[in-house]
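> Okay, sequence plus prediction incoming.
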Amino acid sequence: MPEQLAHVGSLVRSARRHRGLTQAQLAEQLGTSQSAVHRIEQGAQNLSLDMLTRIGAALDSPIVTVGGPQHTHLRVQGGVQLSGRIDVNTSKNGAVALLCASLLNRGTTRLRNVARIVEVDRIVDVLRSVGVRATWSADGRDLEIVVPKDLDLDTIDVDAARRTRSIIMFFGPLLGQRDDFFLPYAGGCDLGSRTVEPHMIALRPFGLSVTASAGRYHARVTDPGSRDLSIVLTERGDTVTENALMAAAHRDGVTTIRNASPNYMVQDLCFYLELLGVRVEGIGTTTLRVHGRSVIDADVEYALSEDPVEAMSLLTAGIVTGSEITVGRVPLEFMEIELATLSEMGLRYTLSPEYTAHNGRTRLVDITVHPSELRAPLDKIHPMPFPGLNIDNLPFFAVIAAGATGSTLVHDWVYEGRAIHLTDLTRLGADVRLLDAHRLQVSGPTRWSGAEVSCPPALRPAVVILLAMLAAKGESVLRNVDIIARGYEQLQERLVELGARIETFRD
Ligand SMILES: CC(=O)N[C@H]1[C@@H](OP(=O)(O)OP(=O)(O)OC[C@H]2O[C@@H](n3ccc(=O)[nH]c3=O)[C@H](O)[C@@H]2O)O[C@H](CO)[C@@H](O)[C@@H]1O
Ligand SMILES: C=C(OP(=O)(O)O)C(=O)O
């Protein structure tokens, strides 16, 4: 019981801060004393159901739900062609990187066009819980971030932190500011085990050592002794590179990072660092030279870049329903291998002239897909670090291949457990065989048929199943789709605007 009270207390504290209320202001609304609110937040006060309901109403956030959690489900009438235009939003992965990087700046960071997704909310909740002021603009698109002089890591929202893997990206910005701190363990989607060791290896040269026990990491930082550093990443991971970049940005001296990821979210981070006055040489390559500064204090505004994975998801919606739709604002550089592979499979599409994203750097196009007879590619489809085929785009090839004539091998060497979720496509009539945990043999073309499926507990496979349901004639039900909101803003509503027949319902 004390553990549940502490959990409820931390939910109350985070919802109160989210509403910008002091303990005294909340107490006034509840007709109680500030010390009672303090005790509630400490988990030191028994709570009646009536009090919980009143707190939920005052904070406009249900603290507990009686009768179990409410889940969202989708009812899809499939086999309907889509039409029209849909624009790609900015990326989850760029947003989480920049939210973490904002910890480097003593000035005000204004992030423009931030996707309103659960993963962003989680990081924002964590930031607020340690004292960062994060305020959405009136239209809800831009986020202004002001970091206090001293962060209060003792009050960190453990629950929000544990639900995201991106908490691991707090190490990079914090290690230049603290020499001893704790962070909760990283969580995230169910994709099999994901190591954090490459982060530790990347950050060790900066003086970081980490021990893990009792659900949290204990970080200790010592002076690395040398002004200029050269580090080699053992994996060309995206968030590893970001962590190393942030650590390098916040120290005087030049840091060379080899085997860096040049991927889209890393580029977003580099562009932001440049605005902060940190020079980064080699953006878009695997060797980055970072000219860091121990004091970063700049009022900056950065417009986040478009999401290649959302672009792939939306293009897939058009492809599997045999529709002609236009997907606008596609970051072309990060979709080239995907488009070349689709071309080999017989997809017909047209590109608009290129234009520049709001960040002034990323090249965008509008892509119109045309109904096409697809065939299996001759070679297997497999991901590689950028500029290869994006690992997060790979799952979409499973549903596309299921609509193509012939047999396609989809090889996910990266994740231990993501391919397994794609076997749910068989529920809708696809011939998808799991050869081992990493390889799928997909044979098509599929005569899709509607079915009821429980949403896989992983973001991209969840969307893949939803898209297959758009292709499947008749009614399908996708149960418990909450995970989709982790990475997509109003996906079902936006698909409905293209003509998809999707209805949302709850338990
Ligand atoms: C917030 C964010 O930006 N998340 C992205 C980031 O996660 P993130 O950077 O956290 O990815 P991980 O570090 O977990 O890497 C994913 C998997 O790839 C393996 N691996 C990675 C690189 C490499 O050179 N060799 C190798 O084996 C890792 O061991 C792991 O099993 O990158 C992943 C891989 O692009 C994407 O799926 C995630 O959407
Ligand atoms: C695996 C993904 O992301 P994350 O690193 O946030 O889990 C994803 O976006 O599909």
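That came through, no problem. Ligands and ions are numbered 1, 2, ... in the order given.
> Can you check which helix is longest in this structure?
Longest helix in the chain by number of residues, with DSSP state H as the criterion: helix 2-18.
> what's it in contact with?
Helix 2-18 has contacts (Cβ atoms under 8 Å, 6 or more residues apart in numbering) with 23, 26, 37, 40-47, 52, 55, 59, 61, 63-64, 125, 128-129, 155, 157-160. The way it works is simple: take the backbone N, C-alpha and C, and place the C-beta from them, glycine included.
> let's go with 7 Å and repeat that
With contact meaning Cβ atoms under 7 Å, 6 or more residues apart in numbering, helix 2-18 is reached by 26, 40-43, 47, 55, 59, 61, 63-64, 125, 128-129, 157-160.
> Now it: buried residues?
By 16 or more other Cβ atoms under 10 Å, the buried positions in helix 2-18 come out as Leu5, Val8, Gly9, Ser10, Leu11, Val12, Arg13, Ser14, Ala15, Arg16, Arg17, His18.
> Select only the buried ones of the contacts of helix 2-18 in PyMOL?
To isolate the buried members of the contacts of helix 2-18 in PyMOL, using 16+ other Cβ under 10 Å:
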select buried, resi 26+40+41+43+47+55+59+63+125+128+129+157+158+159+160
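> who's Pro184 bridged to?
Beta-bridge pairing for Pro184 (DSSP bridges): Arg216.
> what's the neighbour count on it?
Using other Cβ atoms under 10 Å, Pro184 has 20 neighbouring residues.
> ok so, going back, dump the buried residues of helix 2-18 into CSV; add pLDDT and distance to ligand 1 as well.
Shown next, in CSV, are the buried residues of helix 2-18 (pLDDT from 0 to 100; distance: Cβ to the nearest ligand atom, whole Å):
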residue, pLDDT, distance to ligand 1
Leu5, 79, 33
Val8, 81, 29
Gly9, 83, 29
Ser10, 77, 24
Leu11, 80, 24
Val12, 83, 29
Arg13, 82, 26
Ser14, 70, 21
Ala15, 74, 25
Arg16, 74, 28
Arg17, 74, 24
His18, 67, 22
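> With respect to Arg348, which of these is nearest?
Using Cβ to Cβ, His18 is the member of the buried residues of helix 2-18 that lies nearest Arg348, at 47.3 Å.
> give me phi/psi at the spatially most central residue of the chain?
Against the mean C-alpha coordinate of the chain, by Cα atoms, centre = their mean, the closest residue is Lys92 at 3.8 Å. The phi and psi values for Lys92, taken as degrees, to the nearest 10, are phi -60, psi -50.
> what does this structure put close to ligand 1?
93, 96, 165-166, 194-195, 235-240, 265, 385, 391-392, 414-415 (Cβ under 6 Å from any ligand atom).
> List buried residues within those residues.
93, 96, 165-166, 235-240, 265, 385, 391-392, 414-415.
> Of those residues, which are in range of ligand 2?
Okay, of those touching ligand 2 (Cβ under 6 Å from any ligand atom), that's Arg165, Asp392.
> Can you tell me which of the buried ones among the residues of the chain next to ligand 1 end up in helices?
Among these, the members found in helices (DSSP H) are Asn93, Val96, Asp238, Thr239, Val240, Met265.
> Widest-spaced pair of these?
Val96 and Val240 (13.9 Å).
> my hunch is that Ser443 is in a strand, does that hold up?
Yes. Looking at Ser443 with DSSP: H, G, I helix; E, B strand; the rest coil, it is inside a strand.
> is it true that Val130 touches Asp154?
No. With contact defined as Cβ atoms under 7 Å, Val130 does not count as touching Asp154 (8.6 Å).
> near ligand 2, from the contacts of helix 2-18?
Okay, of the contacts of helix 2-18, nothing touches ligand 2 (Cβ under 6 Å from any ligand atom).
> From Gly176, how far off is Glu274?
18 Å (Cβ to Cβ, to the nearest Å).
> Looking only at neighbour counts, state which of these two leads.
When Glu274 and Gly176 are compared for neighbours, Gly176 comes out ahead with 22 against 16, by other Cβ under 10 Å.
> So the nearest residue to Thr239 once chain neighbours are set aside: helix, strand or coil?
Excluding its sequence neighbours, the residue lying closest to Thr239 (Cβ to Cβ, 6 or more residues apart in numbering) is Met169, at 5.6 Å. Three-state assignment for Met169 (three-state DSSP): helix.
> Pretty sure Met169 sits against Val240.
No. Between Met169 and Val240 there is no contact under Cβ under 7 Å: 9.4 Å.
> Specify the beta-bridge partners of Thr211.
According to DSSP bridges, beta-bridge pairing links Thr211 with His218.
> so what's Arg162 up against?
If a contact means Cβ under 7 Å, 6+ apart, then Arg162 has Pro184, Tyr185, Gly187 as its contacts.
> The residue nearest to Thr239: what's it in contact with?
Applying Cβ under 7 Å, 6+ apart, the residues contacting Met169 are Val96, Ala97, Cys100, Thr239, Glu242, Asn243.
> so the first one touches Val118, yeah?
No. Contact between Val96 and Val118 fails when scored by Cβ under 7 Å: they sit 11.3 Å apart.
> Strands along the stretch 1-150 of the chain, start to end?
Per DSSP state E, counting those that start in this stretch, the stretch 1-150 of the chain carries strands over the ranges 72-78, 83-87, 108-112, 133-136, 143-146.
> Next, count neighbours for Arg39.
Neighbours around Arg39, by other Cβ under 10 Å: 16.
> wait, it sits on Gln45?
Yes. Using Cβ under 7 Å, Arg39 is in contact with Gln45, at 4.0 Å.
> Tell me who's in contact with the residue of the stretch 201-350 of the chain found nearest ligand 2.
Taking Cβ to the nearest ligand atom as the measure, the stretch 201-350 of the chain has Val309 as its residue closest to ligand 2, at 6.3 Å. For Val309, the contacting residues are Asn390, Asp392, Asn393, by Cβ under 7 Å, 6+ apart.
> if we go to 10 Å?
Contact analysis of Val309 by Cβ atoms under 10 Å, 6 or more residues apart in numbering lists 88, 91-93, 264, 334-335, 338, 390-393, 395-396, 459-460, 463, 487-488.
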